[in-house]
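Peer 1: need coordinates for the below:
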Amino acid sequence: MKRWHMTMGGGLDGLRLREFEMPAPGPGEVLVKLHAVSLNYRELSILLKGRYPLPVKPDVVACSDGAGEVIEAGPGVGHWKAGMRVVASIFPHWHDGPFALARAAQLGGSIDGMLAPYVLLPEAALVPVPEHLSFEEAAALPCAGVTAWNALHGGGRPLQPGDTVLTLGSGGVSLWAMQLAKAGGARVIATTSSADKAERLRTLGADAVLNYHETPAWAEAVRALTAGAGVQRVVEVGGGATLALSLRAVAFSGEVAFIGTLADGPATLDANALFASGATLRVIAAGSTAQLAQMARAVAVNRLRPPLGQVFGFDDARAAFAHYAREHERGAGFGKVVIRVAA
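Peer 2: Below you'll find the predicted structure:
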């Protein structure tokens, strides 16, 4: 059998197939047959940009997100049985509570990931797949889904019905945040880059959409849409290029959940602007297994489905990465890029 390994900063040629033997589960471990894997920006950052805020081991098995079925449980495993459909937390040792470096080992980073036909996982890292989701849809849950859930519910003031949430763009975290916020009774304002994406965002539930090409001063437009008050929460994925605007859009005592730096702009954080906002700036590191389980239950109850983009075969993993990179560069992506591992 073969699995895909990647090298930090190796480019597409740094993604290589290597042989491995079928693993056997030890105490507390579960052998999972993967059916689908989804790509996240973190994979592009590791493989193509050569940078990631957490340790990445050389020649790691790629990808943090996958969905599959239990094949065999090791000694001492009581809950998980053969045939159960599961996803795994990106941080297998972060079960609950606050994030800490001692719990920061992550799939497809410091430990081997999911782009393989079979993987061994700690039983405590597993979460059942909502019944209405396909394996391809479930593969979109672990990183983007739990990050969105943490952004909405993990701070000092969790999302409240009637809140207004601002999401930026149409990446995986933003799309999950929009759906989960609507399910929680919030109003959602979204930004995007085109009329086509605006329509798709409205179809998914956005109450108002701002085209940031047509409305570059979108922070003021957000204020206008909230009668001058600003939003209770910003799901901030842009980083340097958008953070200053997010601070102008957030309400006093609101929160900017700082998730990533997708916009690649210069770091323009103004400490005076942060102070004047009266808001909390909270850095998000995906989420714990407990948060993933909460998120999966919310997805099940509300019958939510993640939009999917193009689906590739296992042997075409390089093409999947190349497609994802092109779509990100053009700002054209909408929906998860998925690699189907097994039929």
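Peer 1: where along the stretch 101-250 of the chain do the strands fall?
Peer 2: Using DSSP state E, counting those that start in this stretch, the strands of the stretch 101-250 of the chain run over 118-122, 126-128, 164-168, 187-192, 208-211, 231-236, 250-258.
Peer 1: save those as JSON lines, and put in mean pLDDT and distance to residue 96 too.
Peer 2: C-beta coordinates here come from the backbone N, C-alpha and C atoms, glycine included. Below are those laid out as JSON lines (pLDDT from 0 to 100; distance: least, CB to CB, whole Å):
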{"stretch": "strand 118-122", "mean pLDDT": "97", "distance to residue 96": "14"}
{"stretch": "strand 126-128", "mean pLDDT": "98", "distance to residue 96": "12"}
{"stretch": "strand 164-168", "mean pLDDT": "97", "distance to residue 96": "24"}
{"stretch": "strand 187-192", "mean pLDDT": "97", "distance to residue 96": "28"}
{"stretch": "strand 208-211", "mean pLDDT": "96", "distance to residue 96": "35"}
{"stretch": "strand 231-236", "mean pLDDT": "96", "distance to residue 96": "22"}
{"stretch": "strand 250-258", "mean pLDDT": "94", "distance to residue 96": "19"}
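Peer 1: nearest to residue 156, of these?
Peer 2: Among the strands of the stretch 101-250 of the chain, the nearest to residue 156 by CB to CB is strand 250-258 (7.8 Å).
Peer 1: wait, residue 215 touches residue 221, no?
Peer 2: Yes. Counting by CB atoms under 8 Å, residue 215 touches residue 221, with 5.1 Å between them.
Peer 1: between the two, which is the more surrounded one?
Peer 2: Ranked by neighbour count (other CB atoms under 10 Å), residue 215 and residue 221 place residue 221 first, with 19 against 13.
Peer 1: for stretch 248-260, buried residues please.
Peer 2: 248-251, 254-260 (16 or more other CB atoms under 10 Å).
Peer 1: and those residues, which is closest to residue 272?
Peer 2: residue 248 (12.4 Å).
Peer 1: need the contact list for the nearest residue to that closest one once chain neighbours are set aside.
Peer 2: Spatial nearest neighbour of residue 248, excluding adjacent residues (CB to CB, 6 or more residues apart in numbering): residue 219 at 3.7 Å. Shown in contact with residue 219 (CB atoms under 8 Å, 6 or more residues apart in numbering): 245-246, 248-249.
Peer 1: sounds good, over and out.
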